[in-house]
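> Fold the following for me, if possible:
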Amino acid sequence: MSDSRQGSRFRTYTEIVELVETLGKGVVEQHASDVDDKARFPEEAFAAFKEARLLSAMVPQSLGGDGLNIKQLCKLCEILGQYCASTAMVYAMHQIQVACLVNHALTSSYFQQYLADLVEHQYLLASATTELGIGGDLRSSICGLELEGDNFKLVKQAPVISYALNADAILVTCRANTDAAASDQVHVLVKTKKCEFEQIAGWDTLGFRGTCSSGYTLTAAGHVEQVIPAPFATILSKSMHPVSHVLWGSLWTGLAASAVKKARQAVRHAYRKNPDMPPVTSLRLSEVDELLFSMRGGLYQSIEEYQGLLDGDCDDAFTNFGFSIRTNNVKLRCSEMVVDIVGKALMIVGIMGYKNDSPVSLSRHIRDAYGAALMVNNDRIRGHNATMQIAMRDS
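Numbers count the residues shown, from 1 in each chain. Alright, predicted model coming up:
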């Protein structure tokens, strides 16, 4: 399939889901071990995604994309998470940036054209929000736009920019100008071909090795029309924060579901060997499936709420403490439950799951699962929740 349109119509969501399933089994899973072993970018998967025009899945149909909503994108990330968590994470991080443009930049003719170009060329977008010296606080920046007429220059020391060297553009947070307050931030799109990257940190990690999240001093230049016409505070509360957590939660759920699937295979194998006596691990399988059920339940509830607020244009709701806490809870619960579920699945599979060269190996699952609570550290999120819990009014 080489176009979002089939004949005179757009392809359906069902067709897209089937396509992602096919690519997951046929391409993503096939290269997942090599991506993990070599800590390399999942090139084969993203070449296939671009050929299938999946990078523009969220771009409105009026600009040539598929116009999928957040609920539908979550399903795609959950599917990909079953085959390779690194590939699913890169796809999710790209879609988070697309969501920021779709929700906040369409009043700009520059960004309308950029999204149309993204559809045509299947651009891959990355993000640079963290910065050395701000302690992980997304609402503060040290770097600022150095303005000269209608042009700008920007230098940012970013401890992490995932797949920076594979991306076509990066959305960067910074102060509105060099005299602006640390919290007076804007969100700027810079094209990687016009950027300079000086590596300041590597990415030899336990898990999520294929995200290639090295650190760089990023030097960029451009035109002021590349600044998204909305305050970053608004972009963060309405799009970046909730979209990140529901897409991440979805791919972690896919990772957990894959581990449970391997556990089920192991229990079936044991049962076939002795059909007169069900294996004791069948009880453990039932228990871990209950955990997966709970993980999905909380996630799906949050996705439904967020989709409902977007559909209802309820912009005031995105700054509500209750919504922020529930969104944070998705990240907290999913990132910790995935470790629990994968660990229990390993106990069911046994030594064959512990081996790296086994068809039911859970080595990569375990290593990826432990990364979930560390990216945007859960303790920092719980600290924010604790503050909001005190200030929140009971409904």
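> When you work out contacts or count neighbours from here on, use the C-alpha atoms and nothing else.
Will do.
> Report the contact partners of F152.
L145, E146, A221, G222, H223, V224 (CA atoms under 8 Å, 6 or more residues apart in numbering).
> Neighbours of the second one, how many?
Residues lying near E146 (other CA atoms under 10 Å) number 17.
> Check the first one too.
Look at L145: counted by other CA under 10 Å, it has 26 neighbours.
> give the contact list for it.
F152, K153, L154, C174, R175, A176, N177, T178.
> What spatial separation is found between H269 and P275?
Distance of H269 to P275, computed by CA to CA, to the nearest Å: 10 Å.
> Repeat that for L80.
Separation of L80 from P275 (CA to CA): 34 Å.
> Of the two, which one has the most company?
The neighbour comparison of L80 against P275 (other CA under 10 Å) goes to L80, with 29 against 11.
> Which parts of the stretch 1-150 of the chain are helices?
Listed in chain order, the helices of the stretch 1-150 of the chain (DSSP state H, counting those that start in this stretch) span 13-23, 29-38, 43-51, 70-81, 85-104, 109-121.
> where does the residue of the chain most remote from its centre land in three-state SS?
For the chain, the largest distance from the centre (CA atoms, centre = their mean) belongs to D276, which lies 45.2 Å off. Recorded secondary structure, D276: coil (DSSP: H, G, I helix; E, B strand; the rest coil).
> ok, which stretches of the stretch 151-300 of the chain are strands?
Taking DSSP state E, counting those that start in this stretch as the test, the strands found in the stretch 151-300 of the chain are 151-158, 169-175, 185-191, 196-201, 215-223.
> helix, strand or coil for the residue lying closest to L346 once chain neighbours are set aside?
In this structure, L346 finds its nearest non-sequential neighbour in G353, 5.8 Å apart by CA to CA, 6 or more residues apart in numbering. Using three-state DSSP, the structure places G353 in helix.
> Just to be sure, V376 is in a strand?
No: counting by three-state DSSP, V376 is not found in a strand; it is coil.
> show me the contacts for it.
With CA under 8 Å, 6+ apart, V376 has these contacts: G136.
> For the lengthiest helix in the chain, name the packing helices and strands.
Criterion DSSP state H: the longest helix present in the chain is helix 241-273. Here helix 241-273 touches helix 70-81, helix 85-104, helix 281-311, helix 321-349, helix 363-372, going by 3 or more CA pairs under 8 Å, 6 or more residues apart in numbering; DSSP states H and E.
> Nearest approach to A201 belongs to which of those?
Nearest to A201, of all these, is helix 363-372, at 17.6 Å by CA to CA.
> So which residues make contact with the next helix or strand after the closest one?
Following helix 363-372 in sequence order, the next helix or strand is helix 378-391 (DSSP states H and E). Helix 378-391 is contacted by residues F321, I325, N328, L332 when judged by CA under 8 Å, 6+ apart.
> one more time with 10 Å
By CA atoms under 10 Å, 6 or more residues apart in numbering, the residues outside helix 378-391 that reach it are 136-137, 320-322, 324-326, 328-329, 331-333, 335-336, 372-374, 392.
> show me the contacts for the closest residue to V20 other than its chain neighbours.
Distances taken as CA to CA, 6+ apart place L76 nearest to V20, at 6.8 Å, with adjacent residues excluded. Applying CA under 10 Å, 6+ apart to L76 gives the contacts 16-21, 24, 54, 57, 70, 88, 91-92, 247, 250-251, 254.
> I'd like the strands of the stretch 151-300 of the chain as JSON lines, with mean pLDDT and distance to K38 appended.
Shown next, in JSON lines, are those (pLDDT from 0 to 100; distance: least, CA to CA, whole Å):
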{"stretch": "strand 151-158", "mean pLDDT": "97", "distance to K38": "23"}
{"stretch": "strand 169-175", "mean pLDDT": "98", "distance to K38": "24"}
{"stretch": "strand 185-191", "mean pLDDT": "97", "distance to K38": "27"}
{"stretch": "strand 196-201", "mean pLDDT": "97", "distance to K38": "17"}
{"stretch": "strand 215-223", "mean pLDDT": "98", "distance to K38": "18"}
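> Redo those strands as JSON lines? Include distance to N385.
Shown next, in JSON lines, are the strands of the stretch 151-300 of the chain (distance: least, CA to CA, whole Å):
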{"stretch": "strand 151-158", "distance to N385": "26"}
{"stretch": "strand 169-175", "distance to N385": "23"}
{"stretch": "strand 185-191", "distance to N385": "23"}
{"stretch": "strand 196-201", "distance to N385": "30"}
{"stretch": "strand 215-223", "distance to N385": "28"}
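> Pull up the gap between K273 and P279, please.
10 Å.
> Between these two, point out the one with more neighbours.
Shown here are K273 and P279; by other CA under 10 Å, P279 has more neighbours (17 against 11).
> need the contact list for the more buried one.
Under the criterion of CA under 10 Å, 6+ apart, the neighbours of P279 are V267, R268, H269, A270, Y271, R272, K273.
> Please apply the same query to K191.
L125, A167, D168, A169, I170, L171, A220, A221, G222, Q226.
> Tell me, how many residues neighbour the second one?
Translated: A167. By other CA under 10 Å, the residues close to A167 number 17.
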